[in-house]
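Q: return a 3D structure for these sequence lines:
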Amino acid sequence: MSSNWKSIALTVVMAALASAGGAWLGAGWMMQRHETPGLHEIVHQKLDLTAEQDVRLDEIEARFAVRREALEADVRAANRELAQAIAASQGDSPEVRAAVDHFHDAMGALQKATIAHVFEMRAVLTPEQARVFDREIAGALTQEPR
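A: Below you'll find the predicted structure:
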């Protein structure tokens, strides 16, 4: 193989590894921040909930905990799939691309479910509570990582 082709092959392999590394680091960061920071505290400490609201929100949170666990398991499986594809690959292979797509799909499903959960909780609140909730959620989403 000429040195020019070797350089190209090396560049492709390095790009694939860098891409996979970035995806892996991003996944780790997202898994740590899978839920809006302080969501439980925002709802249960910053809002003056009625007993009925408290019960309804606890039910919503319990249902979502089960769903979130399943979605996070899919994200972990996608990460393992990506790691295996990278280990078995000589570069940016169809298997690596499929594993990256699976990872993106899993992370997207987790994010969409989390947002749906936030709106389901919001629906239980009074208009004034919803204003406080929205303000707190927006602040939590725009704060810089610690």
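Q: now do the host helix or strand of His104: distance to the chain's middle.
A: Assessed by DSSP states H and E, His104 sits inside helix 94-122. In this view, helix 94-122 has its centroid 6 Å away from the chain centroid, taken as CA atoms, centre = their mean, to the nearest Å.
Q: what of stretch 85-95?
A: Computed by CA atoms, centre = their mean, the chain-centroid distance of stretch 85-95 equals 24 Å.
Q: in this structure, which spans are helices?
A: 3-32, 39-45, 51-88, 94-122, 127-142 (DSSP state H).
Q: enumerate the positions of the shortest one that are buried.
A: Of the residues in helix 39-45, Leu39, Ile42, Val43 count as buried by neighbour count, 16 or more other CB atoms under 10 Å. C-betas here are computed from N, CA, C, even on glycine.
Q: tell me which of those is nearest to Leu110?
A: Leu39 (14.3 Å; CB to CB).
Q: isn't the closest one up against Val118?
A: Yes: here Leu39 lies in contact with Val118, judged by CB atoms under 8 Å, at a distance of 7.1 Å.
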